[in-house]
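[1] curious how this folds, go ahead:
(2 chains)
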Amino acid sequence: MKLELDGVSFPLAHFDLDVTARLSSIATGIFGPSGAGKTSLLEAIAGLRRPRRGRIVLDDRVFDDRGVHVPARHRRIGYVPQENALFPHMSVLRNIRYGAAEAPIDECVRVVEIEHLLARRVTTLSGGEQKRVALARALVTAPRLLLLDEPLAGLDRALHARISSYLRRIRDELRVAMLYVTHDPEELAGIAEETVVIERGRVVAVGKTAEVVAFSQ
Amino acid sequence: MSAAEWHVVAFTLRVAALSTLLIAPLGVGVAWLLARYRWPGKSLAETVVTLPLVLPPVATGLLLLKLVGRRGPLGQLLDRAGVDVVFTWRAVVLAMMAMSFPLLVRGCRVAFEEVNVRFEQVARTLGASDWRVFLTITVPLALRGIVGGLVLAFARAIGEFGATIVVAGNIPGRTRTLALAMYDDVQLGHDDAAFRLLGVAAAIAFVALWTSEAALRRRGAPR
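    All right, here's what the predicted structure looks like:
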């Protein structure tokens, strides 16, 4: 995976986001305090928000540039928002099939271990189950990149290790590249090789996750 | 009830249903545009759409009369096409449409605004076109409000009086609706007949509300 963010900027409520970074790890952390612009950056990469200026290029495909804006549906970028946003009027299976009616789903379903949940209503799932279904739903489209927004937020401590292990399996078994947004750098240890630190819409550090974690403490 | 009264009831149901059917696509579309997008002239459009709700119905009727009357801008075109509107059943439908449109738009707009945009965003990242997102995510999640808006519009059409009497008159067997017939009965001192029609109007409203609620409650099981 090779992601180029070149002067990607747009106004936020209290400041302008302006990010330049070149990322090439299979798993990259994006770390910063709440309100730093992390979610907005993910939305721009996903194609849900058009930058006012700047270039977004993924594996030599130009997604955003002057006069260019590839819509989200043509980017094949998986997006798992913090609140999962599972479609509440559909079963787990229909959620997973939404993005890929014909594609095989067995492997994605196996990796996050939700075979037994397929017939359930999503509103009856626990928080951890919902997260796994949301991951599977994004994975069945064979995304070029998976965007994870605070994937452990709202889950209790016991679940953190479990979901983290699923994320490692996605990285190692499915070889899907991911951007992992969090305000807690400890979550990134063992998942992300590289981490970008964002504060008030600007990149303030890029480096090995271990160093960034040590620095932030 | 007399045959004439049954005729009035059947006629009212038919034209109110037709009116609701005709405004449904545009009403849902306008509500969606108002709920989801910012565009130039949006405030003006909002005001125009809401106007019939705050204007005296007779005034709306007068505007319609000027619009579709023989010398009106739309009336001339229709006249050339050989279509008579004023003082026909078409005028009844038109008056019902104008008066119930704001209620439909308001109901649907609130319903659309309550749908979390995250669902739509995620659907887009999963490869869905705007149209597919609208049909498979937005509409199902807003369905309760949309149906509510349609039922309210239908009920408003059933009860429509002021605009109808101006643009369609009160012609027995041609343009007389439930509300107009009730008014006639009261004027002529036929209170029994007026109360019979009142009972029918209340029953229609009750059945419409009850069936829509029941239909929505059944939408429980996942598909």
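
[2] so B:V115 sits in a helix?
    No. Applying DSSP: H, G, I helix; E, B strand; the rest coil, one finds B:V115 to be coil, outside a helix.

[3] surely B:L104 meets B:I23?
    Yes. Between B:L104 and B:I23 there is a contact under C-beta atoms under 8 Å: 5.8 Å. Yep, even glycine has a C-beta here, placed from its N, CA and C like the rest.

[4] can you check which residues contact both of the two?
    Residues touching both B:L104 and B:I23 (C-beta atoms under 8 Å, 6 or more residues apart in numbering or on different chains) are B:A153.

[5] who has more neighbours, the two?
    Higher neighbour count among B:L104 and B:I23: B:L104, with 29 against 23, using other C-beta atoms under 10 Å in any protein chain shown.

[6] can you list contacts of stretch B:31-50?
    Under C-beta under 8 Å, 6+ apart, the answer for stretch B:31-50 is B:30, B:101-102, B:104-109, B:111-113, B:117, B:134, B:138, B:149.

[7] and that stretch, what's buried?
    B:31-35, B:49 (16 or more other C-beta atoms under 10 Å in any protein chain shown).

[8] what about B:I137, neighbour count?
    24.

[9] buried residues in the lowest-mean-pLDDT helix or strand in chain A?
    In chain A, no helix or strand scores lower on mean pLDDT, DSSP states H and E than helix A:209-216, which sits at a mean of 80. Using 16+ other C-beta under 10 Å as the test for burial, helix A:209-216 gives A:209, A:212-213.

[10] ok, stretch A:82-90 next?
    Buried residues in stretch A:82-90, counted by 16+ other C-beta under 10 Å: A:82-87, A:89-90.

[11] low-confidence ranges, the chain, go.
    Because you didn't say which chain, this covers chain A. Confidence mapping of chain A against pLDDT under 70 gives the ranges A:216-217.

[12] nope, chain B please
    B:218-223.

[13] can you rerun that using 80?
    Within chain B, the segments meeting pLDDT under 80 span B:212, B:214-223.

[14] in TSV, list the buried residues of helix A:209-216 along with distance to B:W39.
    Shown next, in TSV, are the buried residues of helix A:209-216 (distance: C-beta to C-beta, whole Å):
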residue	distance to B:W39
A:T209	44
A:V212	43
A:V213	46
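
[15] now do the strands in the chain.
    Just going to use chain A. Assigned by DSSP state E, chain A shows strands spanning A:3-11, A:16-23, A:27-31, A:53-58, A:61-65, A:68-69, A:77-80, A:145-149, A:178-182, A:194-199, A:202-208.

[16] export those strands to a markdown table and tack on distance to chain B and mean neighbour count?
    A markdown table is the format used below for the strands of chain A (distance: least, C-beta to the nearest C-beta, whole Å; neighbours: other C-beta atoms under 10 Å in any protein chain shown):
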| stretch | distance to chain B | mean neighbour count |
| --- | --- | --- |
| strand A:3-11 | 15 | 18 |
| strand A:16-23 | 18 | 18 |
| strand A:27-31 | 17 | 26 |
| strand A:53-58 | 13 | 19 |
| strand A:61-65 | 12 | 17 |
| strand A:68-69 | 13 | 12 |
| strand A:77-80 | 4 | 27 |
| strand A:145-149 | 8 | 24 |
| strand A:178-182 | 13 | 24 |
| strand A:194-199 | 21 | 22 |
| strand A:202-208 | 24 | 15 |
